[in-house]
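**Student:** Pasted the sequence and its predicted model underneath.
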Amino acid sequence: MSPFGEINCEEAFTLTHHGEEVTNGERLLIRRQLLKEMAQYVDSSLIETPAFIRKNGFNPDSALRKHDTLRSQLTESVSVYVLKLTYVDLFVNEEAGTGLFCYTAYSHDVFVFLPHMHKVLKGFSEKKDGSMYLSLANPMPENIEHRKQFLAGQGIGGKQVAMAGLVHGTRVAVVRRNSSSVFLETDALVTKDADSILTLTGADCFPLYFEEKTAGIIGLAHGGWRGIVGGIVAETMKEIAKLGGKPEKTVLTIGPGICTKHFEIQTDVLEQFAEYQEYVVSDAGLSVDLKGIVCLQAKKAGLPAEQIIVSQECTFCLSEKYFSYRRDQPQYMENQLAYIVQFSHRKF
């Protein structure tokens, strides 16, 4: 019995990525599914199947010509897979951002071209990428350039970018094709559209990435303490539901932010955390476990615990890697850029 059941391509990718060998039955099931997936995007006559190779032999020159034709039929975000008859292997050569290409000249190999297994791409910049802070009062051309270079380096330059104009609130905006690029007084963005990059900034606040994989919905929320206690997680999930999403199908990733030890509060705001007393730590002062509160809220919103992923990186602690407002107290704001985007070239 195959561990893949009907074969989930992401599971097949995970297996091959770790270089594990598979049985003959598993290999055939994986091959069948991958070839079926590939046929949605390219001229099937260009695919060299095992039967084709057995009948016609393997001609590297012909294969290269076919490769060029196949490549021209696909978007720049393409993964190329080569399935060997003895085991499944993944050859990857990073070329031109998200474009992946390889070819093999062994007669017992099969060309398999597929879009990325991970339709959703998300990330968080670092100090080495430069400050990403922008304001309407001060456009900061150097920071605009930092953003352009960072997104280009992630392989997603030139796409539509939506930016949340943060106010530490709970307003969620729905991003639609050709909508505004800046959403004022907004702390979360959601979209069902492909190729629209959702962005926001943070320098201790948590980027909260939402992925609803059945309905094809993504979201990005700003997890500052005011937004968290105000219910930003629940508000974001409400908008995802309006777009057709379900909490049990949603994955939440909590990105880097300030750890409990360094998020100290004074007694004047203690009452704001009255509902979350178990997350307030009294140890030579008062501090709060914000990530713990986010996880609790996500579970209350219906997300399974196993679908809540928590980064262990602290922006305050990692002084060489991240900007931190509480640590640095800068005269001019310096922060990271969080983004999430889903690609149009493959269904979930």
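**Tutor:** Received it, and whenever you're ready, just let me know what you need. Remember, predicted model here, so these are calculated numbers, not experimental data.
**Student:** residues near Gly285, how many?
**Tutor:** Gly285 has 9 neighbouring residues, counting by other C-beta atoms under 10 Å. Any C-beta I mention is one placed from the backbone N, CA and C, and that applies to glycine too.
**Student:** try the one 10 residues further on
**Tutor:** Per other C-beta under 10 Å, the neighbour tally for Cys295 reads 19.
**Student:** Secondary structure element holding it?
**Tutor:** Per DSSP states H and E, Cys295 falls inside helix 290-300.
**Student:** What is that helix packed up against?
**Tutor:** Applying 3 or more C-beta pairs under 8 Å, 6 or more residues apart in numbering; DSSP states H and E, one finds that helix 290-300 contacts strand 206-212, helix 225-230, helix 232-242, strand 250-254, strand 308-310.
**Student:** Quick check: Ser287 vs Glu313, distance?
**Tutor:** Applying C-beta to C-beta, to the nearest Å, the value for Ser287 to Glu313 is 18 Å.
**Student:** Repeat that for Leu166.
**Tutor:** 21 Å.
**Student:** ok, those two, which is more surrounded?
**Tutor:** Taking other C-beta under 10 Å, Leu166 and Glu313 do not tie; Leu166 has more neighbours (21 against 14).
**Student:** most tightly surrounded among the helices and strands packed on helix 290-300?
**Tutor:** Among these, strand 206-212 has the highest mean neighbour count (mean count of other C-beta atoms under 10 Å), at a mean of 26.
**Student:** Let me know the average pLDDT across that strand.
**Tutor:** Throughout strand 206-212, pLDDT has a mean value of 96.
**Student:** okay, and for the stretch 1-150 of the chain, where does confidence drop off?
**Tutor:** Counting by pLDDT under 70, the low-confidence segments of the stretch 1-150 of the chain come to 1-118.
**Student:** about what we covered before: what comes up buried for the helix holding Cys295?
**Tutor:** 290-291, 293-299 (16 or more other C-beta atoms under 10 Å).
**Student:** One more: stretch 175-191?
**Tutor:** When burial is assessed from 16+ other C-beta under 10 Å, stretch 175-191 yields the following buried residues: 175, 183, 186-191.
**Student:** Now flag whichever of these is closest to Asp283.
**Tutor:** Asp187 (29.9 Å; C-beta to C-beta).
**Student:** State the pLDDT value of the closest one.
**Tutor:** pLDDT, read off for Asp187, is 97.
**Student:** so who does it touch?
**Tutor:** Neighbour list for Asp187: 164, 166-172, 200, 221-222, 224, 227, 232 [criterion: C-beta atoms under 8 Å, 6 or more residues apart in numbering].
**Student:** returning to what we had before: kindly present the helices and strands packed on helix 290-300 as a markdown table, with separate columns for distance to Leu136.
**Tutor:** Listed next are those as a markdown table, based on distance: least, C-beta to C-beta, whole Å:
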| stretch | distance to Leu136 |
| --- | --- |
| strand 206-212 | 21 |
| helix 225-230 | 20 |
| helix 232-242 | 22 |
| strand 250-254 | 29 |
| strand 308-310 | 33 |
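**Student:** So which of the ones you listed is nearest Ser319?
**Tutor:** Using C-beta to C-beta, the nearest of those to Ser319 is strand 206-212, at 18.0 Å.
**Student:** Is Thr315 in contact with Leu290, as I believe?
**Tutor:** No - between Thr315 and Leu290 there is no contact under C-beta atoms under 8 Å: 11.8 Å.
**Student:** which residues are common contacts for those two?
**Tutor:** Common neighbours of Thr315 and Leu290 (C-beta under 8 Å, 6+ apart) are 257-258.
**Student:** Sitting in strands, which of the buried residues of stretch 175-191 do you find?
**Tutor:** 175, 183, 188-191 (DSSP state E).
**Student:** which of the residues you listed lies closest to Glu126?
**Tutor:** Leu189 (21.8 Å).
**Student:** I figured that closest one was touching Leu208, is that so?
**Tutor:** No - counting by C-beta under 8 Å, Leu189 does not reach Leu208; the two are 10.9 Å apart.
**Student:** any common contacting residues for these two?
**Tutor:** With contacts defined as C-beta under 8 Å, 6+ apart, the residues shared by Leu189 and Leu208 are 219-221.
**Student:** most surrounded residue in those?
**Tutor:** For these, neighbours tallied by other C-beta under 10 Å; top is Ala221, 32 neighbours.
**Student:** Distance check, that one against Ser135.
**Tutor:** Distance of Ala221 to Ser135, computed by C-beta to C-beta: 20 Å.
**Student:** And for Glu320?
**Tutor:** Remark: distance between Glu320 and Ser135 (C-beta to C-beta) = 26 Å.
**Student:** Please identify which of these two sits among more neighbours.
**Tutor:** Ser135 (11 against 7).
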